[in-house]
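Student: Sequence first, then the predicted structure, then my questions.
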Amino acid sequence: MSPPRLLLAHLRPYGLRYALGFLFLALGSLCSLAIPWTVKLAIEALQRGSSTPELRKYILLILGLAAAHGLVRLGSRFSILGGGQAVEQDVRNRLYRHLQALPQAFYHAHRTGDLMSRASNDLAAVRHLVGFGALSLLGTAIAFVGTLAAMLALDPRLTLYAMAPFPILILVARRFNATVHQESQAVQEQLGELSAKVQENLAGMAVVRAYAMEASEIRQFQGLNGEYLGRSLRLARTQAAFSPLMGLVAGIGTLIVLWQGGRAVVETRITLGAFVAFNAYLAHLAWPTIALGWTLSIVRRGLAALGRIAEILAAEPSIRDASDALDRPPDFRAATIEFRNLTFAHEGRGPALRNVTLAIPPGLTLAIVGPTGSGKSTLGALIPRLFDPPAGSLLIGGTDVRRLRLEHLRRAVGYVPQEPFLFSRTVRENLALADDDALAPRLEQTARAVGLDAEIRAFPEGWDTVVGERGITLSGGQRQRAALARALLPDSPILILDDAFANVDAAKEVEILEALGDVLRERTTLLITHRFKAARAADWIVVLDEGRIVEQGSHDTLIAQGGLYRRLWRIQQLEEEISRA
């Protein structure tokens, strides 16, 4: 969707509010334009020698018009600026919902800092566009049309003289508009680069310090910040130059009017009151003329920001519910998971999995092992459709996973990724993320099963301890066990553990798996691991190499075959013996 269409789509629900604001602006302009005309009548009355009561009437009328102008002006701001706030809220909600629906590949291609800049700075520019920008643009248009009509009514010839410099203004405004658009977009793009740099450094601060990269990173940041300053100053100089230029154009018009209008008064072609009123109307045009550059700048910056937001909204979620998705899911607890000649490749890469055929009966604990890069994690991620498998290649309970609603499928799968992510919330909130209604005994039981209960009780505030951003206050092993407990809590019938014990020592891993024995028997479990002691406890083992299943069977069977599994098992045993020596 193009930026203008996107803007109109979000303005439409608030059309009545903007129409009311436009009406208030029109009424305010009418009151404002009536004041010079009243002054004209008062001057003409003075020239006729009118009485004090008649003059008092004009004075009261001017005061009343000024008060009415102030009130309707306030109403226009409430209507239009309030509409701008509402539009910003709607766009922000839509953007956030859309970001939640986009696939993993999108986030691999876009930096977090740039996305955050679009969701904050660019949205603020959109708010200015539909708020102050709309108010100023509408107000300026009404002021020009109304004032021009009043000036024409007073003296058409003098109006032509006054408008003589305005073609220059139009040409300058067009040039200014194009320049501001380019420079605004450059500023916003550089701000995205700067935000991305800050986000990456804050997230990777431990690595920066470990490699003594502080000075290098500071220099890089200063370079990006200097470029942002340079682009911002170029934009500021362009904006600063426009207003004085508009003032000069308006001043030239005023000089022409004083010259020609003075002659018209002397020649009695117009009255002194009409001349004063005409100059008042010309002054009435001065501020909109001078402010035109500021208004156009807001509009162009807002449209540039809207274009950057539209880029994100244009990214189609590749993983979504099919049009023929089933309303009722299969019984996941009794369902067999089947891979049928599955071949899968990540975008821009060679196949990660090749002709994988595998059936996992319900309640089975299946260990998946193999060398690094053999496709183990990809195989696990396809089940909850974190990546989309080819049609007909992955079935659960005889149903293609692409025909299952994402909500049903993902609620049925407990997933622990290689890199566990915890939110900056309490331990209790992190564990109960997928089950807000979980009671304390259930939480404690799950934490005890993964060997975390005693450690949680030892925290300063126990279950109410805030774990910090990404769980930074916890050790790697504690984060992994917290993520495991979070996956176990909802009692999902399918459990995928993707190297979920990488930061836990081998003995602790075996201890946890033994403690989870009864729990795992009630679920279909994929245990993706590089530790063969853990794989040994599984009901069945699949060995992957270069995306293909090269061996499968029980631990003893695979050892007896003397293939890849046995070689990897032996290497791991030797590593353990060396580490103990």
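Tutor: Noted; the coordinates are in hand. Residues are numbered from 1 along each chain as shown.

Student: for the helix or strand hosting L409, which positions count as buried?
Tutor: Using DSSP states H and E, L409 sits in helix 406-411. Using 16 or more other C-beta atoms under 10 Å as the test for burial, helix 406-411 gives 406, 408-411. C-beta: built from backbone N, CA, C; applies to glycine.

Student: Kindly report the same for stretch 153-162.
Tutor: 154-155, 158-159, 161-162.

Student: want to throw these into a markdown table with pLDDT, secondary structure and distance to R402?
Tutor: Output for the buried residues of stretch 153-162, formatted as a markdown table (pLDDT from 0 to 100; DSSP: H, G, I helix; E, B strand; the rest coil; distance: C-beta to C-beta, whole Å):
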| residue | pLDDT | secondary structure | distance to R402 |
| --- | --- | --- | --- |
| L154 | 81 | helix | 73 |
| D155 | 81 | coil | 75 |
| L158 | 80 | helix | 74 |
| T159 | 78 | helix | 69 |
| Y161 | 77 | helix | 73 |
| A162 | 75 | helix | 69 |
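
Student: so L497 sits in a strand?
Tutor: Yes - when DSSP: H, G, I helix; E, B strand; the rest coil is applied, L497 is found to be in a strand.

Student: Now that it has come up, it's in contact with P417, right?
Tutor: No - applying C-beta atoms under 8 Å, one finds L497 not in contact with P417, separated by 9.5 Å.

Student: between the two, which one's more packed in?
Tutor: L497 (29 against 18; other C-beta atoms under 10 Å).

Student: Report the beta-bridge partners for the more buried one.
Tutor: V416, L527 (DSSP bridges).

Student: Distance-wise, check it relative to G547.
Tutor: According to C-beta to C-beta, to the nearest Å, L497 stands 20 Å off from G547.

Student: for the host helix or strand of H98, the distance to its chain's centre please.
Tutor: For H98, the host element (DSSP H and E) is helix 52-101. A distance of 29 Å separates the centroid of the chain from that of helix 52-101, by C-alpha atoms, centre = their mean, to the nearest Å.

Student: What helices and strands are in contact with that helix?
Tutor: Applying 3 or more C-beta pairs under 8 Å, 6 or more residues apart in numbering; DSSP states H and E, we find helix 52-101 packed against helix 3-11, helix 15-47, helix 123-128, helix 134-154, helix 272-314.

Student: comparing those helices, which gets the lowest mean pLDDT score?
Tutor: Among the helices and strands packed on helix 52-101, helix 272-314 carries the lowest mean pLDDT, a mean of 78.

Student: name the helices or strands packed onto that one?
Tutor: Partner elements for helix 272-314 (3+ C-beta pairs under 8 Å, 6+ apart): helix 3-11, helix 15-47, helix 52-101, helix 123-128, helix 134-154, helix 156-163, helix 166-203, helix 214-266.

Student: which one among the buried residues of helix 406-411 gets closest to I383?
Tutor: L409 (8.3 Å; C-beta to C-beta).

Student: H98 versus that closest one, what's the distance?
Tutor: L409 is 20 Å from H98, by C-beta to C-beta.

Student: Just give me the residue right at the centre of the protein.
Tutor: A119 (3.6 Å; C-alpha atoms, centre = their mean).

Student: what residues are up against that one?
Tutor: 92, 95-96, 99 (C-beta atoms under 8 Å, 6 or more residues apart in numbering).

Student: just R340 next, same as before
Tutor: R340 neighbours (C-beta under 8 Å, 6+ apart): 357, 392-395.

Student: from the residues you listed, which has minimum pLDDT?
Tutor: For those, the pLDDT minimum is G392, 89.

Student: circling back: tell me which two in the buried residues of stretch 153-162 are the farthest apart.
Tutor: Longest span within the buried residues of stretch 153-162, C-beta to C-beta: L154 and Y161, 12.4 Å.

Student: Identify the contacts common to these two.
Tutor: With C-beta under 8 Å, 6+ apart, L154 and Y161 have no common neighbours.

Student: can you map out the helices along the stretch 301-450 of the chain?
Tutor: 376-382, 406-411, 427-431, 440-449 (DSSP state H, counting those that start in this stretch).
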